[in-house]
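Trainee: Here is a sequence with its predicted model. Questions after.
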Protein chains: 2
Amino acid sequence: MAVFERLTHLFSATESSLSATLFNSPPFQSFTVFILEVSQQPFSPTPHSTHSIYPPIVKTVNLDLPMNDPEEELFRSDGGAVLAGFVLFFPNYSTFLAKPGFYIEDLFVRECYRRKGFGKMLLSAVAVQAVKMGYGRVEWVVLDWNVNAIKFYEEMGAQVLQEWRICRLTGDALQAYGN
Amino acid sequence: MAVFERLTHLFSATESSLSATLFNSPPFQSFTVFILEVSQQPFSPTPHSTHSIYPPIVKTVNLDLPMNDPEEELFRSDGGAVLAGFVLFFPNYSTFLAKPGFYIEDLFVRECYRRKGFGKMLLSAVAVQAVKMGYGRVEWVVLDWNVNAIKFYEEMGAQVLQEWRICRLTGDALQAYGN
C-alpha cells in the first residue's frame, strides 16, 4: 500500500511493531481488520467459536479469466486460502450525532485482485457492521488527485467533504510536548 | 460549538444520547474528554482515587481584566468551579507508523474564555498524553476558511495536509447498507 501511494519514505511498520500494537481488544471496540481471502476451492466451515463475534461472509465470484497471482505462496494462509486484501478500521465519535461511527484507516486489495468488486465487498462489510451497531457514520480519507478512488467512493454513496483539512502533529513537533 | 461552526442543522445530540454513548470504557482506550474548569479560588485537592488514571493539571492564569461569564451559574460544576471548555478525543491508528495516535474530535472553549491560552492548554494536554503513551500522532480537522484556527494550529507545531479529503457515508446512504 505504501508503494501504491508513493509514501514508502513514511513507512516504518514491521511485523513485530504491528503485532505489538494491534488486536489487543475485542473486534469493533478498537482497531479491527476484516481480511479478504480467496480460494478456488469452497471454504471449509470454520469452528463455531470463531463465528460468535463475526461470522465470515462467504461469496462466490465468477471470473472471466483464471486468476494469476504471482505471489500466491507468499500470501497463502494456514487454511490454504490466499490473502487478497484487508480493511483496517476503528470506532470514531461524532458529538453532532452523539453516536459512534467507524473510521477506515486502510482499504487495500492486492494488485492482481483489483477491479473485481473486492474493494466494494470490504467497504460494504464495514458499512453493514456500522448499521448493525446503530452507528451514524463511516468515514475515511482520499487523496484529492485520486479521481478513480473518488468516483468509486461516490458510487458507494459517500460524500467527499471539500472544506475540511487534516491537521497532524507528529515527529519532533509532537515529541516536543514530552519535554 | 454547533452555533459557532454554523452547523446547527446537523446537530442532533441530547444529554441522554451523549451519556448513552460516551464514557463506557477507561480513559484513552476509547472516547475521552478533558474538561477545563476555572475558579477564582484555589482548587481543593481531589481524592487520590480519581488521580490514579489522570491527575488533574492545575494552572494559575493571571488576567488583565476580571472575567465576566454571563452564564456562570449554568456552567457551574458540583465542586464550585465553572466549566470553560473541553477537548474530546479517541485513539486512532497508523499502519504506516504501526502506532496508535489520538484523534481530536472537538476542541472548544466557551466564548468569554477565548484568547487566554485555554485552547492551547487543552490541545497540549492531549499531545503530552500522546507522548506519554508512546503514540505517534495527534490529528484533527479544520475548515479551510478558518484562517485563525489554522494559524493557531501551525504555531502549535501541526502540519495542515492539503491533499487529503474526508469521505463520509452517513444518513440514508449508510442505512441502505442495512438492507
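Mentor: Here it is on my side, so go on.

Trainee: Show the backbone phi and psi for A:Val38.
Mentor: phi -120, psi 150 (degrees, to the nearest 10).

Trainee: my read: it touches A:Glu72, true?
Mentor: No - assessed by C-beta atoms under 8 Å, A:Val38 is found out of contact with A:Glu72, at 9.6 Å. (Each C-beta comes from the backbone N, C-alpha and C, glycine too.)

Trainee: who's more crowded, those two?
Mentor: Taking other C-beta atoms under 10 Å in any protein chain shown, A:Val38 and A:Glu72 do not tie; A:Val38 has more neighbours (20 against 14).

Trainee: bridging residues for the more buried one?
Mentor: Using DSSP bridges, the bridge partners assigned to A:Val38 are A:Val82.

Trainee: contacting residues for it?
Mentor: A:Val38 sits next to A:Met67, A:Ala81, A:Val82, A:Ala84, A:Tyr113 when contact means C-beta atoms under 8 Å, 6 or more residues apart in numbering or on different chains.

Trainee: Out of those residues, which end up buried?
Mentor: Neighbour-count burial (16 or more other C-beta atoms under 10 Å in any protein chain shown) applied to the contacts of A:Val38 gives A:Ala81, A:Val82, A:Ala84, A:Tyr113.

Trainee: how far away is the first one from A:Thr60?
Mentor: Note on A:Ala81: its distance to A:Thr60, by C-beta to C-beta, to the nearest Å, is 14 Å.

Trainee: Point me to the helix or strand that includes the closest residue in space to A:Asn24 that isn't next to it in sequence.
Mentor: Using C-beta to C-beta, 6 or more residues apart in numbering or on different chains and skipping the chain neighbours, the partner closest in space to A:Asn24 is A:Ser30 (7.2 Å). When elements are assigned from DSSP states H and E, A:Ser30 belongs to no helix and no strand.

Trainee: Of the contacts of A:Val38, which is the nearest to chain B?
Mentor: A:Ala84 (17.2 Å; C-beta to the nearest C-beta).

Trainee: Helix or strand: which one has the closest one?
Mentor: Per DSSP H and E: strand A:82-94 holds A:Ala84.

Trainee: Send me that strand as PDB with only the CA atoms.
Mentor: Below are the C-alpha coordinates for strand A:82-94, written out as PDB (Å, rounded to 0.1, in the frame of the first residue of the first chain):
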ATOM      1  CA  VAL A  82      -4.800 -16.700  -0.300                       C
ATOM      2  CA  LEU A  83      -4.800 -13.300   1.300                       C
ATOM      3  CA  ALA A  84      -6.100 -10.800  -1.300                       C
ATOM      4  CA  GLY A  85      -6.800  -7.700   0.700                       C
ATOM      5  CA  PHE A  86      -7.900  -6.100   4.000                       C
ATOM      6  CA  VAL A  87      -9.700  -3.200   5.600                       C
ATOM      7  CA  LEU A  88      -8.500  -1.700   8.900                       C
ATOM      8  CA  PHE A  89     -10.900   0.400  10.800                       C
ATOM      9  CA  PHE A  90     -11.800   1.600  14.400                       C
ATOM     10  CA  PRO A  91     -14.500   3.500  16.200                       C
ATOM     11  CA  ASN A  92     -14.700   7.300  15.900                       C
ATOM     12  CA  TYR A  93     -17.300   9.500  17.600                       C
ATOM     13  CA  SER A  94     -19.500  12.400  16.400                       C
END
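
Trainee: what touches both of A:Val38 and A:Glu72?
Mentor: Any residue near both A:Val38 and A:Glu72 by C-beta under 8 Å, 6+ apart counts here, and that gives A:Val82.

Trainee: sorry, back to before: what is the strand holding A:Ala84 packed up against?
Mentor: Using 3 or more C-beta pairs under 8 Å, 6 or more residues apart in numbering or on different chains; DSSP states H and E, the elements in contact with strand A:82-94 are strand A:32-38, strand A:99-109, helix A:118-132, strand A:137-143, strand B:82-94, strand B:99-109.

Trainee: So the residue nearest to A:Asn24 sits against A:Leu88, correct?
Mentor: No - using C-beta under 8 Å, A:Ser30 makes no contact with A:Leu88, being 11.2 Å away.

Trainee: got any ranges where chain A has weak pLDDT?
Mentor: Scanning chain A for pLDDT under 70 picks out A:46-51.

Trainee: Name the residues linked to the most centrally placed residue in it by a beta bridge.
Mentor: What sits nearest the mean C-alpha location of chain A, by C-alpha atoms, centre = their mean, is A:Val87, with 1.2 Å. For A:Val87, the beta-bridge partners are A:Phe34, A:Leu107 (DSSP bridges).

Trainee: Hmm, A:Leu123 and it touching each other?
Mentor: Yes - with contact defined as C-beta under 8 Å, A:Val87 counts as touching A:Leu123 (6.7 Å).

Trainee: overlap in contacts of those two?
Mentor: Residues touching both A:Val87 and A:Leu123 (C-beta under 8 Å, 6+ apart) are A:Ile104, A:Leu107.

Trainee: and the residue nearest to A:Asn24, how many neighbours?
Mentor: By other C-beta under 10 Å, 19 other residues sit near A:Ser30.

Trainee: ditto for A:Arg137
Mentor: 21.

Trainee: Run a quick check on it versus A:Phe96, I expect a contact.
Mentor: No - the criterion here is C-beta under 8 Å, and A:Arg137 misses it with A:Phe96 at 9.5 Å.

Trainee: Identify the residues contacting stretch A:118-126?
Mentor: Here stretch A:118-126 makes contact (C-beta under 8 Å, 6+ apart) with A:34, A:36, A:57, A:59, A:84-87, A:89, A:102, A:104, A:107, A:109, A:138, A:152, A:156, B:177.
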